[in-house]
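[1] Kindly generate the corresponding structure for this input.
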Amino acid sequence: MEGPNHASAPSAPVLAAYSYCEAVTGTQARNFAYGIRLLPTDKRQAMSALYAFSRRVDDIGDGTLAPEAKLARLEDTRAVLGRIRAGEVEEDDTDPVAVALAHAARRFPIPLGGLDELIDGVLMDVRGEEYETWDDLEVYCRCVAGAIGRLSLGVFGTVGPGEHAEEYADTLGLALQLTNILRDVREDAGNGRTYLPAEDLAKFGCAEGFKDGRAPAGSDFPGLVHHEVRRARALFTEGYRLLPMLDRRSGACVAAMAGIYRRLLDRIEREPAAVLRGRVSLPPHEKAYVAVRGLSGLDARAISRRTARR
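    Modelled structure (predicted):
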């Protein structure tokens, strides 16, 4: 994969735009921020720009506007993306996220179509789409998370043979998203949504959903959670094959972010009912430990050994 283009050093307006995006990332995405702080400056800035744009899309979908207004706002955001793609965003543009993302896209081979996919996924949310099977849910997850993995890979680049790198990045995104879905069962139910596949819910007696943060009487909610945890673990195992293809600091970033979510998954597996009481999270010191492990290369080396044995 082509490396970064360092020909265009950031001007003062672009640096200000990146600072804005990094502030958004630091306050709105603490798990993500733990990972990207391990990157060199240019990659950290680009990842912050990607996050800030993605956050804008997510906030539209999660907001309180009427569906028609959300659809209009999402199309406006797609138009901004079109301007970025066409090279029409100037450094003095009043939208700092657009300025930063436009500069990042000149610096790195970022596949901006992935952000179109993200918008498509949020449109599925706005339209209230439901998912009968894992195959159905997987389409949604690839839009809202797999695409982010592929976008990130455009910033990270690869070292040595990078065959299947995009596939692994996409799969790792799916693993993170399924972990998010498990973590947010109560919150989503409160918003009238259940993302887990309908056939899985029915299999474990949970077809009625989770009103008032409770599993249906007589259901096997722990069985449902453990079923989805096994699926997420298989996705992590496949997605982790990306790590040996990344340089040390990019690998550290991915290992830190994925490691935080793997630990969340461990907690959910140990106590499935916890997700019905509220959002499961890790304390800051544990996130810091995971980041140190990522920077040390321990996770990447262990995964490289496992991959070599296959």
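
[2] Run through the residues that contact residue 195.
    When the contact criterion is C-beta atoms under 8 Å, 6 or more residues apart in numbering, the partners of residue 195 are 131, 137, 140, 181, 188. (Glycine included, C-beta is placed from N, CA and C.)

[3] in the helix or strand harbouring the third one, what's buried?
    By that I understand residue 140. In this structure, residue 140 sits in helix 134-141 according to DSSP states H and E. By neighbour count, with 16 or more other C-beta atoms under 10 Å as the criterion, the buried positions of helix 134-141 are 137, 138, 140, 141.

[4] Columns distance to residue 164 and pLDDT on top of the residues you listed, output as TSV?
    Written out in TSV, the entries for the buried residues of helix 134-141 read as follows (distance: C-beta to C-beta, whole Å; pLDDT from 0 to 100):
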residue	distance to residue 164	pLDDT
137	23	97
138	18	97
140	23	97
141	19	97
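
[5] List the residues that contact residue 57.
    By C-beta under 8 Å, 6+ apart, residue 57 lies in contact with 74, 77, 115, 118, 119, 122.

[6] Which of these are buried, as a ChimeraX select command?
    To isolate the buried subset of the contacts of residue 57 in ChimeraX, counting by 16+ other C-beta under 10 Å, use the following:
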select :74,77,115,118,119,122
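
[7] Restricted to helices, list the contacts of residue 57.
    Among those, the ones falling in helices (DSSP state H) are 74, 77, 115, 118, 119, 122.

[8] wait, the fifth one sits on residue 80?
    No. Between residue 119 and residue 80 there is no contact under C-beta atoms under 8 Å: 10.4 Å.

[9] Next, work out how far apart residue 72 and residue 191 are.
    Counting by C-beta to C-beta, to the nearest Å, the separation of residue 72 from residue 191 is 21 Å.

[10] Quick one: low-confidence residue ranges for the stretch 1-150 of the chain.
    The stretch 1-150 of the chain contains residues with pLDDT under 70 at 1-8, 30.

[11] And the strands in it, which stretches?
    Counting by DSSP state E, counting those that start in this stretch, one finds no strands in the stretch 1-150 of the chain.

[12] those helices in it, which residues are they?
    12-28, 30-36, 41-62, 67-85, 96-107, 113-126, 134-141, 147-156 (DSSP state H, counting those that start in this stretch).

[13] could I get these as JSON lines with distance to residue 244?
    Written out in JSON lines, the entries for the helices of the stretch 1-150 of the chain read as follows (distance: least, C-beta to C-beta, whole Å):
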{"stretch": "helix 12-28", "distance to residue 244": "26"}
{"stretch": "helix 30-36", "distance to residue 244": "17"}
{"stretch": "helix 41-62", "distance to residue 244": "18"}
{"stretch": "helix 67-85", "distance to residue 244": "32"}
{"stretch": "helix 96-107", "distance to residue 244": "25"}
{"stretch": "helix 113-126", "distance to residue 244": "23"}
{"stretch": "helix 134-141", "distance to residue 244": "24"}
{"stretch": "helix 147-156", "distance to residue 244": "13"}
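
[14] I'd like to know which of these lies nearest to residue 231.
    Taking C-beta to C-beta, helix 134-141 is the member of the helices of the stretch 1-150 of the chain nearest to residue 231, at 7.0 Å.

[15] list the helices and strands that closest one packs on?
    For helix 134-141, the helices and strands in contact under the criterion 3 or more C-beta pairs under 8 Å, 6 or more residues apart in numbering; DSSP states H and E are helix 165-183.

[16] Show the contacting residues for residue 90.
    If a contact means C-beta under 8 Å, 6+ apart, then residue 90 has residue 99 as its contacts.

[17] do you know how far it is from residue 13?
    Relative to residue 13, residue 90 is positioned 9 Å away (criterion: C-beta to C-beta).

[18] what sits in contact with each of these two?
    Between them, residue 90 and residue 13 share the contacting residues residue 99, judged by C-beta under 8 Å, 6+ apart.

[19] For the spatially most central residue of the chain, give its distance to residue 174.
    Compute the mean C-alpha point of the chain, and by C-alpha atoms, centre = their mean the closest residue is residue 145, 4.6 Å away. Here residue 145 is placed at a distance of 6 Å from residue 174 (C-beta to C-beta).
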